[in-house]
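Asks: The amino acid sequence is not available; the structure is as follows:
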């Protein structure tokens, strides 16, 4: 029997015990009637995106979940970010992700410039694109929130260049390091770019306005994640012989999805931020499932709450995802659909970053075996019927339930 | 302490929830007091014959369970089938599995000729062997039921030839395809063979009789699964330093067992069909365990019931296997024996074919740790103490309990 599939990734889903929740995790603490219903009729487990104890990036985790060995495929985050903001890149382009940040007296005081809005960041990015002059062609474009991308055309061979992002606040930015002559040239171009860009940002009306409003100003750029064309052996739709679409707002995830051959849709109102319109995503999923065999739905803000060490907010974001899922399961034929819900990785509040903890995983729908679990949470997942699998096992298990696998042997 | 081992494979054992069983699987629904007793005193788990979500053939699954990487070992099913019917093949032989089938006006209407009996099929096979004239030496021999094997002597280099079996009914047979010149020659020989064989079948007394009885006639041959000598690095008995015997009736399984160095026994009455004499197998197992260290006992008809989408029949076949196991555990010293019961793969009724679902696994006997499980079924296996392992983990775990493993390191 052929079925359709929906893979829902709640970014950074997994967590560790939270003291103020009496040791419950945000997922266990959250009120998630729809996920609990799926847990009862389906099967739970845990997955390690890469391997136990190994924290994965959002990019490498997604690659792994979609069946691409990140150690063989991955060549930097920047390229995915740039694909994700809709840029069509060439194979010899070099791409970086960029944060608008706040610097005071040479010290990074806010790595996200007070989580500046997408509109403001885009306005700043346009000013930089128009006024910076470099010896090579470049693209600088705003993504979501404080995020942007920088592409240096034709400079892929100089990709062995370090970040200027110290990844913590209260310290000065780093100098761009380099490992060879071609990367040294890139480091010089980046210094040049940064100097001109900071001049433009300093007195820009957006920052003047923010200053008046008492908000951190976006007067610096943290440039990182040099990335070149990923090594994708075979696009996902071709490998599995399915029509596949991704519903996502986060540039990085959109970029990964594009790189592996998914169509990508960002519904109106989906922002990848806390305010994202989850129902717009749910409706898009139900609609797209009519035309596509495989829908990948990405939900971002749970991860941000983990990075920000806000357990309550994380639980609220999970409840938001639960409402999204509720709409979907009410509007698809679960007997003819396989639905998997998981995270790309754990982002425990106490870590304020990705960790190597395994990630809750739920599979429900037509043909799925059931286990004894009653709700969706880390502890229930530990006793779930899937057991502990690898990230790259998820899609084959779904495809098998969807009737899309081929027997090896006779 | 050295122990003996019995590995019992209930073919196609695993399944998915069955609506008419209130969501229980055939194994959960079946009345299996002996398996449940073993579950109580032993330990349960699940295994993936190859990897999660990957459907395995019976041949590749058995290879994997016996420790041979099917991706490196497997070179087609036909060779195992031919070994399994007792043919002694040379390394340059090319072997096919064959079904007697029913064709009407150029359309395959029954891929198994009404599951023609072994005796009838053997009679037809003899007529073909005696009367077909080919430019190369060949062997055509009946196996069990509607199954037969065809060997083209010395033609191994032409093994890149397709099947004429469309694998579904209601359509015409396929033309033999080929990938190179040597395979083209094989395709031509197969066409020649098929034409002559059909002439012989058309008016054969067996078919005249079946016509009168209103049964589908065996007037066509579906030829498939071109296979050449498998790449077995080291025979099983040599690798594990055990005397090993297989009790099986299905040609394919007998062939795999022979290929990896097992002695093979088919007790009187063991047919690989629904009517197989399970007690004959049980008695043979008890008897052979006196002389051998490792007994592999294969039970086939549970798989056929899955292929036929007959959950009740599948449950009955599992009950039949349970009686077989009951006799064995009453007649061996469980303290001195390690007994493992599993399937080679899952054959869910809803799929009517092998799936990538993990397979219930039970290990009991001397030295075995116990867990909290109470009965043998998919859900109990999910909470079993073995966890979720790979097919190739089963034999090493048994051998270790049997005191037959060697320490690596000091």
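Replies: Looks like it arrived, so ask away. Quantities reported herein were computed from a predicted structural model and do not represent experimental measurements.
Asks: average pLDDT for the helix or strand hosting residue A:399?
Replies: Per DSSP states H and E, residue A:399 falls inside helix A:394-401. Averaged over helix A:394-401, pLDDT sits at 98.
Asks: Could you pull up the contacting residues of the closest residue to chain B within chain A?
Replies: Proximity of chain A to chain B (Cβ to the nearest Cβ) peaks at residue A:409, 2.3 Å away. Just so you know, the C-beta spots here come from the backbone N, C-alpha and C atoms, and that holds for glycine as well. Shown in contact with residue A:409 (Cβ atoms under 8 Å, 6 or more residues apart in numbering or on different chains): B:56-61, B:63, B:70, B:74, B:77.
Asks: Please narrow these to those residing in strands.
Replies: With strands taken from DSSP state E, there is no overlap with the contacts of residue A:409.
Asks: okay if I get those as TSV plus pLDDT, distance to residue B:14 and neighbour count?
Replies: Below are the contacts of residue A:409 laid out as TSV (pLDDT from 0 to 100; distance: Cβ to Cβ, whole Å; neighbours: other Cβ atoms under 10 Å in any protein chain shown):
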residue	pLDDT	distance to residue B:14	neighbour count
B:56	98	11	28
B:57	95	15	23
B:58	94	13	28
B:59	94	17	30
B:60	97	16	29
B:61	98	11	30
B:63	97	18	30
B:70	95	18	22
B:74	94	21	23
B:77	91	21	24
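Asks: ok, of these, which one's closest to residue A:364?
Replies: Residue A:364 has its nearest neighbour among those in residue B:56, at 24.6 Å by Cβ to Cβ.
Asks: which residue sits closest to that closest one in space, ignoring its chain neighbours?
Replies: Nearest non-adjacent residue to residue B:56, counting by Cβ to Cβ, 6 or more residues apart in numbering or on different chains: residue B:49, 4.1 Å away.
Asks: number of nearby residues for that neighbour?
Replies: 32 (other Cβ atoms under 10 Å in any protein chain shown).
Asks: How about residue A:202?
Replies: Neighbour tally, residue A:202, other Cβ under 10 Å: 12.
Asks: That one is in contact with residue A:220, isn't it?
Replies: No: using Cβ atoms under 8 Å as the test, residue A:202 is too far from residue A:220 to be in contact (9.7 Å).
Asks: helices or strands up against the helix holding residue A:399?
Replies: Using 3 or more Cβ pairs under 8 Å, 6 or more residues apart in numbering or on different chains; DSSP states H and E, the elements in contact with helix A:394-401 are strand A:4-10, strand A:337-342, strand A:359-365.
Asks: Columns mean pLDDT, mean neighbour count and distance to residue A:260 on top of the ones you listed, output as a markdown table?
Replies: Putting the helices and strands packed on helix A:394-401 into a markdown table (pLDDT from 0 to 100; neighbours: other Cβ atoms under 10 Å in any protein chain shown; distance: least, Cβ to Cβ, whole Å) gives the following:
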| stretch | mean pLDDT | mean neighbour count | distance to residue A:260 |
| --- | --- | --- | --- |
| strand A:4-10 | 98 | 25 | 13 |
| strand A:337-342 | 98 | 26 | 17 |
| strand A:359-365 | 98 | 27 | 20 |
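Asks: Columns distance to residue A:151 on top of those, output as TSV?
Replies: Listed next are the helices and strands packed on helix A:394-401 as TSV, based on distance: least, Cβ to Cβ, whole Å:
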stretch	distance to residue A:151
strand A:4-10	26
strand A:337-342	32
strand A:359-365	32
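Asks: now those strands as CSV including distance to chain B?
Replies: Converted to CSV, the helices and strands packed on helix A:394-401 look like this (distance: least, Cβ to the nearest Cβ, whole Å):
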stretch, distance to chain B
strand A:4-10, 12
strand A:337-342, 11
strand A:359-365, 11
